[in-house]
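Chemist: predicted model and sequence below, questions to follow.
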Amino acid sequence: MKKLVIKNLCVKVEDKQILNGVDLTVGENEVHALMGPNGNGKSTLLAAIMGHPKYVVTDGTIEYDGKNLLEMPVNERSIAGLFLAMQYPQEIPGVTNSDFLRAAMNVRREQPVSLFRFIKEMESTINELEMKEDLAHRFLNEGFSGGEKKRNEIVQMKLLKPSLSMLDEIDSGLDVDAIRIVADALNRLREENGMSMIVVSHYERFLDLIKPEYTHVLVNGRIITSGGPELAERIDREGYDWIYREFNVQPAAEAETSAPRTTLGTCAVRETVKGSETK
């Protein structure tokens, strides 16, 4: 059983300490909601798990499926089954969605996926996400609306079939119909592949659709309380003030230090894309 185990994780960004001892365990086929006020470490936690070079781990451990992730570069973490759906997906001119995705799929396989099978899978996924038919031939996220970029992250997830997906506000920028489409796709992927998820979201509507079993509240770089879906429901009703009073904490006054908006996935396939077929 694949399990993510994080112990006493401390992370700094550009000499600013963001995480101050996070403990978190995510089992196979579990959905965990990660909540908390802006600027208190949620995106930092996901970036550190994925291996963003700007996020420096100063203490603690991250293990997945018994392997030490801190010893693995980003591409190896991706191949091991991790996927990060980014809050701000990067535009990559000159690289088509089809080339990017086929290369990413091939680095996970002993034998390259056949062109026929790839086209069939991609067309099916594009239809499922109700995106434009020309998606495969468009440059990665270039000229996409905010909602299209977010749904394109799910297209990538569906084709790569990760065992643990981290969603950093994937629902922001989506209208009501798009939120339903994305949630349905995530639920199907979980049912088909037993995928686990860590979901950062401020919207109970989205959490209602994907039904996380666990909710964690992160304040000042620490998970100060955890519970079930009822915790997310109470936060939606009452906000975070009761948490500040009950646990005698105050949220960070400033937003998290933001690293450049880099698409981590490009690191895993950059060299492969150069030599991939473009037909």
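Modeler: Nice, I can see it. Numbering: from 1, shown residues only.
Chemist: where does pLDDT dip in this structure?
Modeler: 253-279 (pLDDT under 70).
Chemist: residues contacting the nearest residue to T58 once chain neighbours are set aside?
Modeler: Nearest residue to T58 in three dimensions, chain neighbours excluded: C10, at 4.7 Å (Cβ to Cβ, 6 or more residues apart in numbering). Every residue, glycine included, has its C-beta placed from N, CA and C. Shown in contact with C10 (Cβ atoms under 8 Å, 6 or more residues apart in numbering): Q17, L19, N20, G21, V22, V57, T58, D59, G60, G221.
Chemist: what subset of these is buried?
Modeler: By neighbour count, with 16 or more other Cβ atoms under 10 Å, the contacts of C10 hold L19, N20, V22, V57, G60, G221 as buried.
Chemist: now, which of those sits nearest I198?
Modeler: Nearest to I198 out of the buried ones among the contacts of C10 is V22 (Cβ to Cβ; 11.7 Å).
Chemist: V217 is in contact with the closest one, correct?
Modeler: No - V22 is beyond contact range of V217, at 11.9 Å (criterion: Cβ atoms under 8 Å).
Chemist: so what sits against both of these two?
Modeler: Taking Cβ under 8 Å, 6+ apart as the contact rule, V22 and V217 both touch I223.
Chemist: show me where the stretch 1-150 of the chain has strands.
Modeler: Applying DSSP state E, counting those that start in this stretch to the stretch 1-150 of the chain gives strands spanning 4-13, 16-26, 31-35, 55-64, 67-68, 82-85, 92-96, 139-140.
Chemist: reformat these as a markdown table; add distance to R190.
Modeler: As requested, the strands of the stretch 1-150 of the chain are exported to a markdown table (distance: least, Cβ to Cβ, whole Å):
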| stretch | distance to R190 |
| --- | --- |
| strand 4-13 | 15 |
| strand 16-26 | 13 |
| strand 31-35 | 7 |
| strand 55-64 | 17 |
| strand 67-68 | 22 |
| strand 82-85 | 13 |
| strand 92-96 | 28 |
| strand 139-140 | 25 |
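Chemist: of these, which is nearest I181?
Modeler: Between I181 and these, the tightest spacing by Cβ to Cβ is seen for strand 82-85, at 14.3 Å.
Chemist: what's the closest one in contact with?
Modeler: Contacts with strand 82-85, where a contact means Cβ under 8 Å, 6+ apart, come from 46-47, 49-50, 64, 69, 150, 153-154, 156-157, 160, 162-168, 170, 264-265.
Chemist: how distant is the helix or strand that contains E153 from the center of its chain?
Modeler: If you go by DSSP states H and E, E153 is part of helix 146-160. Here helix 146-160 is found 11 Å from its chain centre; the criterion is Cα atoms, centre = their mean, to the nearest Å.
Chemist: which residues sit against that helix?
Modeler: Applying Cβ under 8 Å, 6+ apart, the contact partners of helix 146-160 are 78, 83, 85-86, 89, 97, 101, 104-105, 108, 121-122, 125-126, 128-131, 135, 140-141, 144, 165, 170-175, 178, 181-182, 185-186, 189, 265.
Chemist: quick one: the helices in the stretch 151-279 of the chain, in order.
Modeler: 176-193, 204-210, 229-238, 241-247, 265-275 (DSSP state H, counting those that start in this stretch).
Chemist: compare those and give me the one nearest P37.
Modeler: helix 241-247 (9.2 Å).
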